[in-house]
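Student: Following is a predicted model, sequence given first.
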Amino acid sequence: MSSGLSEKRAMQPIPARLVATMKAKSMSPAAPILVRVFKQESELEVWKRDTSGRFALLKTYPMCRWSGQLGPKTREGDRQAPEGFYHVTARMLNPRSEYYLAFNLGYPNKLEAALGYTGDALMIHGACSSSGCYAMTDDGVAEIYAVGREALRGGQTTFQVQAYPFRMTPENMAKHRNDPNYAFWTNLKQGYDAFEVTRRQPKVSYCGGQYVFNAEFEGGEPSDPLAACPPNNAAADPALVARSQADQRTIDTLLAGGVSPTAHAYTDGGMHPSFRKLLEQNGAKSLARSTSKTSVPISRPEAALADPHMVPQTQ
């Protein structure tokens, strides 16, 4: 790809309609952002800090393709899209991606590297093909890329990406109670809840072989993610404690009432239902440039289905 074309793609402005949405929600194009990804729902959310100092949802994008199954990525070649907490810098934006535009998630993060997980170049990118990444279509990633670029230009040194197997509701947690990844997902839910309750980006630390959120450790940040956590001087957030306890009571009630835990139903990845309809109507070639001009509902009951038509490509 020519450098001129790459530059043109990378410098596309934020669409005027989205700037208007920001204005209506008391946000500026330069304000910090936060991204959340949900595999099962095949959705990506872009949140932006408004004038209150808290984050509010800017837009939800349908995801065209992700590969693997629910659960973390642990090794090179497993085709798993990662789950966890990542931080994207300006240097991780890739204007010359063969998948239109992309940004690197930074997998493996410090915790994953300490656990011996392997793999690299895990991206959110354009097109509609994945072997471990999150594919948003060219139009979708162009919009997300522009919003992220302007936030980083505005002074945000990194923006956080939170990648989840599903929306961390009590109902979903109960359904997946018997999954071997349940303990890991319970840890992710702590960060999910921290953001849901406060609408502020959680501070992420690593110790005890897991993520720790909004901690203030004696002696500073732990250097060894696998060592026991130092004493934490941060006071517990009463609202967060109340939410966690209420969710656990709901999970227990659902399980006692006969909700059957289920295993992950896909054979390989998923696709948002809106793109499956396009696939059926127009064929696979139409999907890479399919536009994501409109938002989708914040949550959907449908699980994204595996797509046997998509041919995996090297990221």
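Tutor: Noted; the coordinates are in hand.

Student: looking at this, Ile251 is in a helix?
Tutor: Yes. Per DSSP: H, G, I helix; E, B strand; the rest coil, Ile251 lies within a helix segment.

Student: Checking the residue nearest to Leu105 when sequence neighbours are not counted next. Helix, strand or coil?
Tutor: Spatially, and ignoring its direct neighbours in sequence, Leu105 is nearest to Tyr86 (4.3 Å; CB to CB, 6 or more residues apart in numbering). Heads up, the C-betas are built off the backbone N, CA and C, glycines and all. Under three-state DSSP, the three-state class of Tyr86 is strand.

Student: Give the burial count for Tyr86, as a bare number.
Tutor: Other residues near Tyr86 number 26, with proximity taken as other CB atoms under 10 Å.

Student: where exactly do the strands run in this protein?
Tutor: Assigned by DSSP state E, the strands in the chain fall at 33-38, 43-49, 55-62, 65-66, 84-88, 93-94, 102-104, 123-125, 134-135, 159-164, 204-207, 210-213.

Student: Quick one, grab the pLDDT at the residue nearest to Leu105.
Tutor: Looking at Tyr86, its pLDDT reads 98.

Student: residue contacts, it?
Tutor: Leu105, Gly106, Tyr107, Asn109, Gln160, Val161, Gln162, Ala163 (CB atoms under 8 Å, 6 or more residues apart in numbering).

Student: hmm, try it at 7 Å
Tutor: Shown in contact with Tyr86 (CB atoms under 7 Å, 6 or more residues apart in numbering): Leu105, Gly106, Tyr107, Asn109, Val161, Ala163.

Student: Count residues in the vicinity of the second one, would you?
Tutor: A count of nearby residues for Gly106, using other CB under 10 Å, gives 20.

Student: just Lys110 next, same as before
Tutor: By other CB under 10 Å, the residues close to Lys110 number 16.

Student: Model confidence for it, exactly?
Tutor: pLDDT, Lys110: 98.

Student: I figured it was touching Ser205, is that so?
Tutor: No. Using CB atoms under 7 Å, Lys110 is not in contact with Ser205, being 9.4 Å away.

Student: now the residue most central in space within the chain, nearest residue through space, not along the chain?
Tutor: In the chain, the centroid-proximal residue (CA atoms, centre = their mean) is Val37; its distance is 2.5 Å. Counting by CB to CB, 6+ apart, Val37 lies nearest to Ala163, which is 4.4 Å off, once chain neighbours are set aside.

Student: and the gap between the one you found and Ala81?
Tutor: 7 Å (CB to CB, to the nearest Å).

Student: So for these two, which sits in the more crowded spot?
Tutor: Taking other CB under 10 Å, Ala163 and Ala81 do not tie; Ala81 has more neighbours (31 against 25).

Student: do you know how far that one is from Leu44?
Tutor: Ala81 is 12 Å from Leu44, by CB to CB.

Student: Quick check, pLDDT for Ala235.
Tutor: Reported pLDDT for Ala235: 94.

Student: what's it sitting at in phi/psi?
Tutor: Per-residue torsions, Ala235: phi -70, psi 140 (degrees, to the nearest 10).

Student: OK, contacts around it?
Tutor: Ala235 touches nothing, counting by CB under 7 Å, 6+ apart.

Student: got it, and Pro225?
Tutor: Lys110, Leu111, Ala114, Tyr206, Cys207, Gly209.

Student: same thing but 10 Å
Tutor: Residues near Pro225 by CB atoms under 10 Å, 6 or more residues apart in numbering: 109-115, 205-212.

Student: same thing with Pro108?
Tutor: Contacts of Pro108 (CB under 10 Å, 6+ apart): 72-74, 82, 84, 86, 114-120, 122.
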